[in-house]
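> got a predicted structure here, sequence first:
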Amino acid sequence: MKNQKKQTFIGVLLIIVIIIGSFGVTKLLLRKQEQRLLSEVKEFDINVTSNNEINNSSLTMEQIREILITWSDNRDIRVHEPTINQLTMDEAVSKAIEDIKYFCEKGILPKKFADIDDYWNTQAFLGNKATLETSFKDAFSYWTIRFSIDELLIELKQNAYSGDIWEISAYDFIGSEIDNINIEEALNTYADYLNINMSNYSKSELSYGSLTSEDSRLLLTYQINRGSGKVSSKYEIELLAN
């Protein structure tokens, strides 16, 4: 009986390891595909004006979760032009710049990233992995945008329907000045930005924290890495299906 229980435990543990490993591989392949697509688009001038008229209807928690699951699967990204209900490239970039400045002002990102509209190189493409015939099908697409200048780089995923940034990574390759980010406060402010009620803050280490939505179906994470390879600091925020 003891041996049977031990074998069952080992079997369950092996399944968990396989699931986690598969998720990691899928995320790595997705990132490589996005990097390739970004490398294929031309840089463009980001001297565009802010659009304050973007006001699409908010998505429900279940719709957001369904979209996030689709974004993270292993299907290829289908690049396409925006529909009438989606942000154009200029609108997407303008909204992203506005939001990044807000993140810096509120202590979510270091202040050095606030000068993002000052001679930064910009690349972007719009794509999706699903063409589901639903009432919110336009929300399955996302803009992948990269801003870069000298020692700083920002990459993000922005929902093409709502204009909200659901994933952002900011890289500092020099790191002469270190901003002390309060991860718990940053996550709460980011949850307010997304207009999602989240709580149950948890942390597994000094530079990682997460919040969970009230129905426990969405997870918002923040990871700060310092001194990793060529990168002095990396700030990564991600909204995930839980």
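Nice, thanks for sending it over. Residues are numbered from 1 along each chain as shown.
> domain parsing for the protein?
The record assigns the chain these domain ranges, following automatic domain parsing: 1-40, 43-241.
> how about the most centrally placed residue in the chain: what's its closest non-neighbour residue?
Note on the chain: the residue nearest the mean C-alpha position is residue 167, at 0.7 Å, using CA atoms, centre = their mean. Taking CB to CB, 6 or more residues apart in numbering, and ignoring the residues beside it in sequence, residue 167 has residue 157 as its nearest neighbour in space, at 4.2 Å. To be clear about C-beta, it is placed using only N, CA and C from the backbone, and glycine gets the same treatment.
> wait, the one you found sits on residue 164?
No - using CB atoms under 8 Å, residue 157 and residue 164 do not qualify as a contacting pair, with a distance of 9.8 Å.
> the bottom helix or strand of this structure by mean pLDDT?
Across the helices and strands of the chain, the lowest-confidence element by mean pLDDT, DSSP states H and E is helix 2-40, at a mean of 48.
> quick one: pLDDT of residue 132?
Reading off the per-residue confidence, residue 132 sits at a pLDDT of 71.
> count of neighbours near residue 123?
Close neighbours of residue 123, defined as other CB atoms under 10 Å, add up to 19.
> now do the helices in the chain.
Counting by DSSP state H, residue ranges of the helices within the chain are 2-40, 61-71, 89-105, 183-194.
> what is the mean pLDDT for the second one?
Mean pLDDT, taken over the full extent of helix 61-71, equals 94.
> show me which positions of it end up buried.
64, 65, 66, 67, 68, 70, 71 (16 or more other CB atoms under 10 Å).
> closest one to residue 86 out of these, please.
residue 67 (13.2 Å; CB to CB).
> sorry, back to before: would TSV of the buried residues of helix 61-71 with distance to residue 238 be doable?
Formatted as TSV, the buried residues of helix 61-71 follow (distance: CB to CB, whole Å):
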residue	distance to residue 238
64	13
65	14
66	17
67	14
68	9
70	15
71	11
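> quick one: pLDDT of residue 197?
The model reports residue 197 with a pLDDT of 93.
> does it touch residue 211 like I think?
No - when contacts are counted by CB under 8 Å, residue 197 is not listed as touching residue 211 (9.7 Å).
> mind listing the shared neighbours of these two?
Where contact means CB atoms under 8 Å, 6 or more residues apart in numbering, the residues bridging residue 197 and residue 211 through contact with each are residue 191.
> more neighbours: which of those two?
Per other CB under 10 Å, whichever of residue 197 and residue 211 has more neighbours is residue 211, with 22 against 13.
> surely the more buried one meets residue 203?
No - because the distance of 10.5 Å does not satisfy CB under 8 Å, residue 211 is recorded as not touching residue 203.
> and residue 233, what are its bridge partners?
Under DSSP bridges, the beta-bridge partners of residue 233 are residue 172, residue 226.
> many thanks, have a good one.
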